[in-house]
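>>> sequence and predicted structure, then a few things I'm wondering about:
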Amino acid sequence: MKEIVTYVEMTGPDRLVAAPAVPGLVMEPLDRDSPLITGLLTAVGAPYGWKSASRTGREWRDWFAEAPERMFRLLSFEGEPAGIVTYRPHPGDEVEIGSFGLLPEFVGKGLGAFALTLAVRGAWAARPSVSRVWLHTSSLDHPRALPNYLSRGFRPFRTEEGERG
């Protein structure tokens with residue numbers, strides 16, 4: 001399946017164009033041992049063919065082990081788990097938003113822009129001196145993903161075309 005991957009970045013917290021707050025939508029830390037992580041990443045990624053949607057137990061263990069610095073945040077709406085954000089710090093005071101998404105039952109309810117605002121604020125707060133926040137998105141992700149990133153102040157810095165197998 002043909003895919004375009006777009007990499008976007010934000011080089012200062014002042015570049016965030018915050019979306020209006022959504023009452024009841026909050027983001028909170030998730031311990032890396034939480035059983036919610038694999039279930040959320042699987043459910044969020046399944047509609048878009050993310051690798052997380054089909055990982056085996058062994059692949060999950062390897063994924064956790066490859067980046068012990070990876071951080072997790074739970075997005076909740078009115079007390080119910082609604083999505084997940086993962087952060088991965090990189091050398092040079094950069095933070096990658098590795099995963100960001102809502103569970104299918106929360107998509108299309110007007111939560112995505114503020115959820116991304118919360119996720120970006122969390123990325124800037126992930127380390128004492130973050131100089132760059134970045135992520136990538138695919139043309140196979142939700143059709144509002146890239147427009148949401150651009151609306152929040154991210155700018156593209158690379159695209160790659162290829163096949164997802």
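Received it, and whenever you're ready, just let me know what you need.
>>> show me the helices in this protein, by range?
36-45, 57-66, 112-124, 145-151 (DSSP state H).
>>> for the third one, buried residues please.
Taking 16 or more other CB atoms under 10 Å as the basis for neighbour counts, the residues of helix 112-124 that come out buried are 112-120, 122-124. In this view, the C-beta of every residue, glycine as well, is placed from N, C-alpha and C.
>>> what average pLDDT does stretch 75-94 get?
Mean pLDDT, computed over stretch 75-94, is 96.
>>> work out the gap between that stretch and the centre of the chain.
Centroid separation for stretch 75-94 versus its chain: 6 Å, with CA atoms, centre = their mean, to the nearest Å.
>>> could you tell me the end-to-end distance of that stretch?
22 Å (CA to CA, to the nearest Å).
>>> I'd say residue 154 and residue 11 touch.
No. Between residue 154 and residue 11 there is no contact under CB atoms under 8 Å: 9.8 Å.
>>> show me where pLDDT drops low in this structure?
In the predicted model, the chain carries pLDDT under 70 at residues 165.
>>> closest one to residue 136 among the helices of the chain?
helix 145-151 (9.7 Å; CB to CB).
>>> would you mark the buried spots in the closest one?
Here helix 145-151 shows 145-146, 148-149 as buried, counting by 16+ other CB under 10 Å.
>>> using a markdown table, lay out those together with distance to residue 60.
As requested, the buried residues of helix 145-151 are exported to a markdown table (distance: CB to CB, whole Å):
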| residue | distance to residue 60 |
| --- | --- |
| 145 | 24 |
| 146 | 28 |
| 148 | 27 |
| 149 | 27 |
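>>> from these, which is closest to residue 160?
Using CB to CB, those come closest to residue 160 at residue 146, 13.8 Å.
>>> and that closest one, what does it touch?
6, 8, 137, 139 (CB atoms under 8 Å, 6 or more residues apart in numbering).
>>> backbone phi and psi for the last one, please?
Listed backbone geometry of residue 139 is phi -70, psi -10, with angles given as degrees, to the nearest 10.
>>> which one is it nearest to, not counting chain neighbours?
Closest residue to residue 139 apart from its sequence neighbours, by CB to CB, 6 or more residues apart in numbering: residue 4 at 4.2 Å.
>>> measure the most centrally placed residue in the chain to residue 2 for me?
What sits nearest the mean C-alpha location of the chain, by CA atoms, centre = their mean, is residue 100, with 1.9 Å. Distance of residue 100 to residue 2, computed by CB to CB, to the nearest Å: 23 Å.
>>> coming back round to it: and the buried residues of helix 112-124, which is closest to residue 20?
Within the buried residues of helix 112-124, proximity to residue 20 (CB to CB) peaks at residue 114, which comes in at 6.7 Å.
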